[in-house]
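In: how does the following fold in three dimensions:
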Amino acid sequence: MPLPSPPRLPLWPLSLMFGLVPLWWLLGAFYLGWSLLGALLLALLLTRGRVPLPPASGLWLLFLAIVVVSATQLPSPASLLTFALRLAFYVTALVVGVYVYVAARERADLTVVLSPLCAFWFALVVLGWLGVLMPRLAMATPMEVLLPAGVARAPFIQDMVHLTTAEYSSRSLNPIYRPAAPFAYTNNYGSAYAMTLPCVVAFTMLRRRGLLRWALLASLPLSLGPAFFTLNRAMFLSLGVGLAVLGVRASLRGNVRVAASIVGVVVIGALATVVIPITDLINQRVDSSDTNTDRLSLYTEVIRRVQDSPWLGYGAPVNVDTVSADAPIGTQGQLWMVLFSHGVPALVCFLAWFVAAAVSCARATSAAGQWLAVVPVVCLVQIPFYGMANQNLTVAFFAVAFAMALTERERRAWLARPPALRTVPA
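Out: Take a look at the predicted model:
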């Protein structure tokens, strides 16, 4: 006898996780509580049973296995806390990806699955403007108070649980304020913005009417202020490459709708540069800091040291006095973190998953699917410059898993047509 269908996954856990980001930020639980919310999703998946995995999940499972083994290379037991936190982010990303993939396959209306990520987008816009208007706002959070004093004072943990809205140099007489909330670092904000923007455009193409669609359309130009003031060069680079790839695909397929949407996004961005002198601001920041020199010294040291431990790395980033930067070796870019902390095989698996995701999502035929296919491309550009052992990896898995489910649905619908009608829609 056929087995009964498993129960449908609820969407409220995704709304709890992504829709209440301002609350988690105010409580100081945005970082430390993120994986606990992921554990809730994992429990629901295990309770459901018979869970199909998205394509290329085996690569990520192999990556996780190598990361776990690399814990044997940690220099001291004191490093276990930060190692466990990063591992939890890696696991949570896969859990969310599987959950979204299954939930999207179960529902006729895909937009309801993508709605929590739209709520996350609204949080980025609102809190980003808070960073623009109140850049010096900072306060202790309930999580910071509840943690043991020794743990809460650790710089890595302090950045996560102490509420701030922007990054700036407190020693500078004329500081440059760069929005960061709800993240601890501005680069994380820019990374999340570049990943989420294609998802918002895709949602407006999937849903042709409704209040949420119009609210998202209105938020697009409003989002440019905080995004531009981050002065994140890699954010602009990744979005530019993503839009270029999308444009090439649209021209090859003759997809007028996608081409028109690209023009619309570019025009809005160009108009914003009339008000915000982004080029001058970026040049001012580069001239007043040693960010390029610091990054280069860190990258050079990673390449030198990984030759002594290529298979499993060193378990975690380390602080040394042999580089000009204040940041530990193995930071300032996810590529360098994985390579230094977990070794060459882990980096191969990490990059292979994103390449496989980009190839899989590129098969999308709809306008929304093609916009979503930009996300893994954006991630591949960001990996050398931005760290992703945080919530942004979960955002990437959310978008990619949704895109995979949408692409599979389009493929099944295409195969169900008579051969004479199997044409790629424009």
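
In: any weak-confidence spans in the stretch 201-350 of the chain?
Out: 287-290, 321-326 (pLDDT under 70).

In: so what's residue 159 up against?
Out: Residue 159 is in contact with 184, 185, counting by C-beta atoms under 8 Å, 6 or more residues apart in numbering. (C-beta placed from N, C-alpha, C; glycine too.)

In: again, only using 6 Å
Out: residue 184 (C-beta atoms under 6 Å, 6 or more residues apart in numbering).

In: what strand or helix carries it?
Out: Applying DSSP states H and E as the criterion places residue 159 in helix 155-161.

In: pLDDT of that helix, averaged?
Out: Mean pLDDT, helix 155-161: 90.

In: what of stretch 123-138?
Out: 96.

In: got a list of contacts for it?
Out: Here stretch 123-138 has contacts from 21-22, 164-166, 177, 179-182, 219, 222-223, 225-226, 229, using C-beta under 6 Å, 6+ apart.

In: re the thing from before, could I get the buried residue list for the helix holding residue 159?
Out: Neighbour counts over helix 155-161 (16 or more other C-beta atoms under 10 Å) mark 157, 160, 161 as buried.

In: state the pLDDT value of residue 421.
Out: For residue 421, the predicted pLDDT is 63.

In: pretty sure residue 111 contacts residue 206?
Out: Yes: using C-beta atoms under 6 Å, residue 111 is in contact with residue 206, at 5.0 Å.

In: looking at the buried residues of helix 155-161, spot the one nearest residue 277.
Out: residue 160 (32.8 Å; C-beta to C-beta).

In: output the contacting helices and strands for the one helix or strand residue 412 maps to.
Out: According to DSSP H and E, residue 412 maps onto helix 391-415. Helix 391-415 sits against helix 80-106, helix 186-206, helix 344-361, helix 367-372, helix 374-382, with contacts defined as 3 or more C-beta pairs under 6 Å, 6 or more residues apart in numbering; DSSP states H and E.

In: quick one: closest of these to residue 37.
Out: helix 80-106 (7.9 Å).

In: buried set for the closest one?
Out: Result for helix 80-106 [16+ other C-beta under 10 Å]: buried residues 82-83, 85-105.

In: now the very next helix or strand once past it and helix 186-206, what's the angle there?
Out: Sequence-wise, the next helix or strand downstream of helix 80-106 (DSSP H and E) is helix 111-133. Orientation check (axes from the mean of the first three to the mean of the last three C-alpha atoms, to 10 degrees): helix 111-133 against helix 186-206 gives 140 degrees.

In: quickly run through the sheet partners of the helix or strand following helix 111-133, with directions.
Out: Using DSSP H and E, the helix or strand that follows helix 111-133 towards the C-terminus is strand 138-139. When sheet partners are counted by DSSP bridges, strand 138-139 sits next to strand 163-164 (antiparallel).

In: can you list contacts of the partner strand?
Out: Contacts to strand 163-164, defined as C-beta under 6 Å, 6+ apart, come from residues 138, 139, 141.

In: possible to save those as a markdown table with neighbour count and distance to residue 349?
Out: Formatted as a markdown table, those follow (neighbours: other C-beta atoms under 10 Å; distance: C-beta to C-beta, whole Å):
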| residue | neighbour count | distance to residue 349 |
| --- | --- | --- |
| 138 | 11 | 38 |
| 139 | 11 | 40 |
| 141 | 20 | 35 |
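
In: out of these, which comes closest to residue 279?
Out: residue 138 (29.7 Å).

In: residue 415 and residue 269, how far apart?
Out: 38 Å (C-beta to C-beta, to the nearest Å).

In: the two: who's more crowded?
Out: More crowded of residue 415 and residue 269, by other C-beta atoms under 10 Å: residue 269, with 19 against 9.

In: list of residues touching stretch 369-378?
Out: Residues contacting stretch 369-378 (C-beta under 6 Å, 6+ apart): 194-195, 198, 201-202, 238, 242, 245-246, 258, 354, 357-358, 361-362, 364, 399-400, 403, 406-407.

In: next one: stretch 271-289
Out: Outside of stretch 271-289, the residues within contact range by C-beta under 6 Å, 6+ apart are 176, 224, 228, 231.

In: among the residues you listed, which one has the most neighbours?
Out: For the contacts of stretch 271-289, neighbours were counted using other C-beta under 10 Å, and residue 228 has the most, 23 neighbours in all.

In: for residue 329, give me phi and psi.
Out: phi -70, psi 130 (degrees, to the nearest 10).

In: contacting residues for it?
Out: 298, 301, 302, 317, 318, 320.

In: report the beta-bridge partners for it.
Out: Going by DSSP bridges, residue 329 forms beta bridges with residue 318.

In: so how far is residue 346 from it?
Out: 16 Å.

In: now distance to residue 274 and neighbour count too, for the contacts of residue 329, in TSV please.
Out: Converted to TSV, the contacts of residue 329 look like this (distance: C-beta to C-beta, whole Å; neighbours: other C-beta atoms under 10 Å):
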residue	distance to residue 274	neighbour count
298	36	24
301	42	19
302	40	24
317	41	24
318	45	17
320	45	12
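
In: and which of those residues is nearest to residue 8?
Out: residue 317 (41.6 Å).

In: need phi/psi at the spatially closest residue to that closest one that is not a sequence neighbour.
Out: Nearest residue to residue 317, sequence neighbours excluded (C-beta to C-beta, 6 or more residues apart in numbering): residue 330, at 3.3 Å. The phi/psi pair for residue 330 (degrees, to the nearest 10) reads phi 100, psi 10.

In: mind listing what residue 330 touches?
Out: Residue 330 touches 317, 336, 337, 340, 341, counting by C-beta under 6 Å, 6+ apart.

In: got the contact list for the nearest residue to residue 395 once chain neighbours are set aside?
Out: Leaving aside its sequence neighbours, residue 395 sits nearest to residue 195 (C-beta to C-beta, 6+ apart; 5.1 Å). Residue 195 sits next to 375, 378, 395, 396 when contact means C-beta under 6 Å, 6+ apart.

In: please report how far the third one lies from residue 279.
Out: Spatial separation of residue 395 from residue 279 under the definition C-beta to C-beta is 28 Å.

In: the two: which is more packed in?
Out: Neighbour tally, residue 395 and residue 279, criterion other C-beta under 10 Å: the higher count belongs to residue 395, 25 against 9.
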